[in-house]
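Student: quick one: sequence and predicted model below, then my questions.
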Amino acid sequence: MDTYYSETNHEESPQGGFLSRYVFTTDHKTIGLNYLWLALFSVFLGMAMSLPMRIHLAWPGMHLPLLSSLGNSPERFAALTTLHGSLMVFLVLTAAPQAGFGNYFLPLQIGAREMAFPTLNLLAFWATVASLLGLTTTFFLSPQSAITLWVVSVAIFCAASLVNALNFSVTTIDLRAPGMTLPRLPLTVWAWFLNAILGTLIFSILLAACVCLLSDRLMGTHFFPVLNFVAHQPSGVISNAVPVLWRRLFWFFAQAEVYVAMLPCFGLATHLISTFSRKPVWKERLVVLALCGVGVFGFCVWGQHMFSSGMNPFSPLVFSLLASSLGIPATILVVSWFGTLWNARLQLNTAMLFSLGFISLFLTGGLSGIFLARHDLASAAAVSDDFVTGHFHLVMGVAATFAILGALFFWFPKLFGRRLNEPFGKLHFWLTFAGVYCVFMPMHWLGLIAHSRVSSTTLASLPGASSSIHTFITIAILLTVFAQGLFLINFLWSLFHGERVLECNPWRATTLEWSVSSPPPADDFGASDPVVYRGAYEFSVPEAAEDFVPQHLAPEQVVKARKAGE
């Protein structure tokens with residue numbers, strides 16, 4: 001019997017008290033889990049905030065208990081939108097795939113025992129907790145105080161993200177195991193590493209912008225004077241004047257933040273597709289270059305949202321070309337996914353279904369992004385907010401969430417030594433997959449009809465059609481949220497009563513985290529450091545008896561396939 005996948009797990013006796021084990025520990029695995037718990041809380045809180053917004057759009061006269069008790073004012077609904085977006089973008093889409101899974105698995109996948117700066121890692125986590133507390137508190141404050149606290153909370157999150165980016169970069173460069181050369185890195189590690197570099201660039205910009213904004217609000221400085229902007233604008237835009245410098249700094253961050261959320265998900269989805277297709281990643285090195293291209297182009301298209309701010313008239317053409325150029329690395333990724341799936345021996349478990357759902361949502365959202373890359377559509381009122389909302393929810397919010405859920409089903413045995421329930425998981429997938437399409441595809445149609453040039457005979461039917469679509473979207477959201485309740489039940493039940501995983505490598509995967517027990521021991525790899533002998537996706541090797549060869553297995557330990565006739 002081969003020893004590289006038949007080793008059984010062993011229970012570790014907990015050492016120390018609660019504070020030393022969970023609050024003040026610098027262990028990268030505990031910190032990664034804490035980030036995941038934080039993201040789980042944030043995603044359900046964010047969904048709870050989205051429900052009143054949709055209910056209000058579908059049934060404006062309905063009184064909502066919480067909002068009614070707080071005054072039911074327009075500022076409360078605006079605060080709901082702001083906090084929903086803040087929680088989802090910062091605490092879920094940024095924290096879960098990068099800080100959560102990255103903290104837990106990056107050291108394990110490169111053969112390291114810890115992150116490069118464990119104390120800074122702990123500090124960054126608690127700064128993120130402080131940011132979450134500040135963001136949620138703003139909902140109960142007066143508007144001016146809430147805005148100040150919101151800016152402070154975002155600044156704290158930016159500082160924590162910069163610390164994490166430094167930690168990830170140094171860990172990947174300096175702490176790789178013997179034999180773990182750059183071409184042998186798993187694509188998940190490449191995605192985390194490139195994302196850390198991109199995060200270093202953009203979070204530093206947003207942090208500087210927040211500090212300047214706080215200085216204007218609290219100390220009377222004039223980093224963002226409105227009058228300088230108004231003086232150079234036609235009279236029609238004075239009422240909506242926003243300082244150009246603030247817009248430049250904000251979009252410098254915000255456009256690239258889309259790819260900060262998506263880059264780790266590209267790595268996660270590619271990793272899962274290869275593992276459950278039992279095939280190497282098609283054109284793996286080209287995929288690495290595509291990930292680099294996503295980071296470079298994503299960093300350069302910030303001006304796409306600045307077309308109406310008095311920039312040089314040639315800038316719309318430049319930024320539209322750059323935005324369209326993102327299709328090149330995206331096409332490489334999609335072709336690689338389909339190339340890996342071609343003639344594969346697919347294992348359609350829940351993790352693989354969520355990966356395939358990620359591809360579907362990414363393609364669907366990307367198609368609508370082609371229209372938004374045109375500056376005449378993006379700058380003029382040709383497409384309403386509903387179209388943009390449907391687009392970025394599909395391509396950034398929901399697609400990234402599918403990749404996160406796929407990774408959670410894949411790594412749950414490694415995290416907790418138990419399996420999530422597969423039938424329950426597949427039911428959750430299909431309900432969520434159908435639900436998100438029923439929610440966000442009608443938003444595209446709603447956005448198009450809102451500003452369509454239609455004949456006078458058709459205009460009268462538009463309000464009724466919009467009302468019906470809003471009602472349909474709201475019902476679909478309620479059903480989709482119900483599906484997430486099924487996931488929460490599955491998660492909590494499996495956490496305590498799920499099927500125990502008795503072997504280290506239940507998925508027959510190749511990367512280093514599957515060479516240790518589940519959950520991993522405190523020192524990760526025991527007395528001896530791992531040695532890497534090959535790439536991360538050695539599946540279907542012709543001369544091997546099994547359909548996979550782990551990275552840490554020495555050539556003399558690989559069981560050879562028997563020749564025909566022996």
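Tutor: In hand now; what should we look at? Numbering: from 1, shown residues only.
Student: all the helices of the stretch 451-566 of the chain, in order from the start?
Tutor: If DSSP state H, counting those that start in this stretch is used as the criterion, the helices of the stretch 451-566 of the chain fall at 456-459, 462-497.
Student: V395 is nearest to which of the ones you listed?
Tutor: Evaluated with Cβ to Cβ, those place helix 462-497 nearest to V395, the distance being 17.2 Å. Just so you know, the C-beta spots here come from the backbone N, C-alpha and C atoms, and that holds for glycine as well.
Student: buried residues in that closest one?
Tutor: 466, 469-470, 473-474, 476-477, 480-481, 483-484, 487, 490-491, 494 (16 or more other Cβ atoms under 10 Å).
Student: below-threshold pLDDT in the stretch 301-450 of the chain: ranges please.
Tutor: 304-316, 372-384, 450 (pLDDT under 70).
Student: hang on, the earlier thing: which of the helices of the stretch 451-566 of the chain sits closest to G390?
Tutor: G390 lies closest to helix 462-497 among the helices of the stretch 451-566 of the chain, at 9.5 Å (Cβ to Cβ).
Student: so which of the buried residues of helix 462-497 comes closest to S42?
Tutor: Q484 (13.0 Å).
Student: gap between the closest residue to that closest one other than its chain neighbours and M396?
Tutor: Spatial nearest neighbour of Q484, excluding adjacent residues (Cβ to Cβ, 6 or more residues apart in numbering): M47 at 6.6 Å. From M47 across to M396, the span is 16 Å (Cβ to Cβ, to the nearest Å).
Student: who has more neighbours, those two?
Tutor: M396 (24 against 18; other Cβ atoms under 10 Å).
Student: wait, the more buried one sits on V258?
Tutor: Yes - the pair M396 and V258 passes the contact test of Cβ atoms under 8 Å, sitting 5.2 Å apart.
Student: was I right to think N505 contacts V516?
Tutor: No - here N505 does not reach V516: they are 9.6 Å apart, not a contact under Cβ under 8 Å.
Student: for A127, phi and psi?
Tutor: Main-chain dihedrals, A127, degrees, to the nearest 10: phi -70, psi -40.
Student: enumerate every residue touching P442.
Tutor: G390, I469, F472, I473, A476 (Cβ atoms under 8 Å, 6 or more residues apart in numbering).
Student: go through these and name the one nearest P186.
Tutor: Among the contacts of P442, and counting by Cβ to Cβ, the member closest to P186 is G390, at 33.2 Å.
Student: grab the nearest non-local neighbour of the closest one.
Tutor: M443 (3.2 Å).
Student: number of residues surrounding that neighbour?
Tutor: M443 has 23 nearby residues by other Cβ under 10 Å.
Student: L45 now?
Tutor: Neighbour tally, L45, other Cβ under 10 Å: 18.
Student: the one 4 residues further on now?
Tutor: For M49, the number of neighbouring residues by other Cβ under 10 Å comes to 22.
Student: residues contacting it?
Tutor: Contacts of M49 (Cβ under 8 Å, 6+ apart): L80, L83, H84, L87.
Student: with distance to H56 and pLDDT added, can I get those residues in CSV?
Tutor: Shown next, in CSV, are those (distance: Cβ to Cβ, whole Å; pLDDT from 0 to 100):
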residue, distance to H56, pLDDT
L80, 9, 83
L83, 15, 90
H84, 13, 89
L87, 19, 93
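Student: which of those fall within strands?
Tutor: Within the contacts of M49, no residue falls in strands by DSSP state E.
Student: most neighbours out of those, which is it?
Tutor: L87 leads the contacts of M49 on contacts (other Cβ under 10 Å) with 26 neighbours.
Student: find the nearest non-adjacent residue to that one, please.
Tutor: Sequence neighbours aside, G46 is the residue nearest to L87 in space, at 4.1 Å (criterion: Cβ to Cβ, 6+ apart).
Student: can you check the pLDDT for that neighbour?
Tutor: On pLDDT, G46 comes in at 90.
Student: the strand or helix carrying it to helix 462-497, inter-axis angle?
Tutor: Using DSSP states H and E, G46 sits within helix 28-58. Relative orientation of helix 28-58 versus helix 462-497 (axes from the mean of the first three to the mean of the last three Cα atoms, to 10 degrees): 150 degrees.
Student: re earlier: for L363, find the nearest of the helices of the stretch 451-566 of the chain.
Tutor: L363 sits nearest to helix 462-497 of all those, at 20.0 Å, using Cβ to Cβ.
Student: chain center to that closest one, what's the gap?
Tutor: 20 Å (Cα atoms, centre = their mean, to the nearest Å).
Student: next SSE after the helix or strand containing A165?
Tutor: Assigned by DSSP H and E, A165 belongs to helix 143-174. Using DSSP H and E, the next helix or strand after helix 143-174 towards the C-terminus is helix 187-219.
Student: what's the spacing between stretch 177-188 and its chain's center?
Tutor: Once both centres are worked out by Cα atoms, centre = their mean, stretch 177-188 turns out to sit 23 Å from its chain's centre.
Student: hmm, who's touching that stretch?
Tutor: 101, 105-106, 109-112, 172, 176, 193, 264, 266-268, 270-271, 281, 284-285, 287-288, 291, 511-512, 529-537, 551.
Student: kindly report the same for stretch 479-497.
Tutor: 40, 44, 47, 51, 405, 412, 416, 418-421, 424-425, 427-428, 431-432, 435-436, 438-439.
Student: switch to 6 Å and redo it
Tutor: Contacts of stretch 479-497 with the rest of the structure, by Cβ atoms under 6 Å, 6 or more residues apart in numbering, involve M47, R418, L420, N421, F424, H428, L431, T432, G435.
Student: please identify which of the residues you listed is nearest to T25.
Tutor: Of all the contacts of stretch 479-497, R418 has the smallest distance to T25: 22.0 Å, by Cβ to Cβ.
Student: show me what contacts that closest one?
Tutor: Contact analysis of R418 by Cβ under 6 Å, 6+ apart lists S494, G498, R500.
Student: where do the helices sit along the stretch 201-350 of the chain?
Tutor: Here the stretch 201-350 of the chain has its helices, by DSSP H, counting those that start in this stretch, at 226-230, 244-277, 284-300, 315-325, 327-341, 350-372.
Student: and among those helices, the most buried is which?
Tutor: helix 244-277 (a mean of 24; mean count of other Cβ atoms under 10 Å).
Student: can you give me the offset of that one from its chain's centre?
Tutor: Using Cα atoms, centre = their mean, the offset of helix 244-277 from its chain centre is 7 Å.
Student: between it and helix 315-325, how many degrees?
Tutor: Computed by the same axes, to 10 degrees, the angle between helix 244-277 and helix 315-325 is 10 degrees.
Student: now for helix 244-277, which elements pack on it?
Tutor: helix 187-219, helix 284-300, helix 327-341, helix 350-372, helix 399-416 (3 or more Cβ pairs under 6 Å, 6 or more residues apart in numbering; DSSP states H and E).
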